[in-house]
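J.: no sequence for this one, just the structure:
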């Protein structure tokens, strides 16, 4: 079963440049999880999307990352520890780049 949460908007103090970390900016996080198919028709039988949202927010607020790559990896690691999945892919997008619509990095775990 593939579970997706895409376009989760967070405001973080990440970036290579000091002003990016000081002033903060918006990031978009896309999460794709591979989980067992639920055997019951209830939220407790699968990945709770709200938990995914909360983990992304917790990682975003817990540290300041210079690289999108390390931010995405930290979210992927936290999700693997927090929700019952066999595989996770986390893409962190940085919109509003002067020379591109957005830049991104994706981290995957087993």
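T.: Arrived safely. Quick caveat: nothing in here was measured; it's all calculated off a predicted structure.
J.: give the contact list for residue 78.
T.: Neighbouring residues of residue 78 by C-beta atoms under 8 Å, 6 or more residues apart in numbering: 55, 58-59. For glycine as for every other residue, the C-beta is placed from the backbone atoms N, C-alpha and C.
J.: Distance-wise, check it relative to residue 54.
T.: 10 Å (C-beta to C-beta, to the nearest Å).
J.: which ones are touching the residue nearest the centre of the chain?
T.: The geometric centre of the chain, computed from its C-alpha atoms, lies nearest to residue 29 (C-alpha atoms, centre = their mean), at 4.4 Å. Shown in contact with residue 29 (C-beta under 8 Å, 6+ apart): 5, 7-10, 56, 60, 75, 90-93.
J.: Can you select the buried ones from those residues in PyMOL?
T.: Only the buried entries of the contacts of residue 29 go into this PyMOL selection, using 16 or more other C-beta atoms under 10 Å:
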select buried, resi 5+8+10+56+60+75+90+91+92+93
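J.: What about the contacts of residue 29, which are in helices?
T.: Among the contacts of residue 29, DSSP state H puts 56, 60, 75 in helices.
J.: With distance to residue 16 and pLDDT as extra columns, can I get those in TSV?
T.: Below are these laid out as TSV (distance: C-beta to C-beta, whole Å; pLDDT from 0 to 100):
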residue	distance to residue 16	pLDDT
56	21	98
60	17	98
75	19	98
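J.: Please name the nearest non-neighbouring residue to residue 22.
T.: The shortest distance from residue 22 to any non-neighbouring residue, by C-beta to C-beta, 6 or more residues apart in numbering, is to residue 13 (7.2 Å).
J.: distance of residue 45 from residue 24?
T.: For residue 45, the distance to residue 24 - C-beta to C-beta - is 37 Å.
J.: neighbour-wise, which of those two wins?
T.: Higher neighbour count among residue 45 and residue 24: residue 24, with 15 against 12, using other C-beta atoms under 10 Å.
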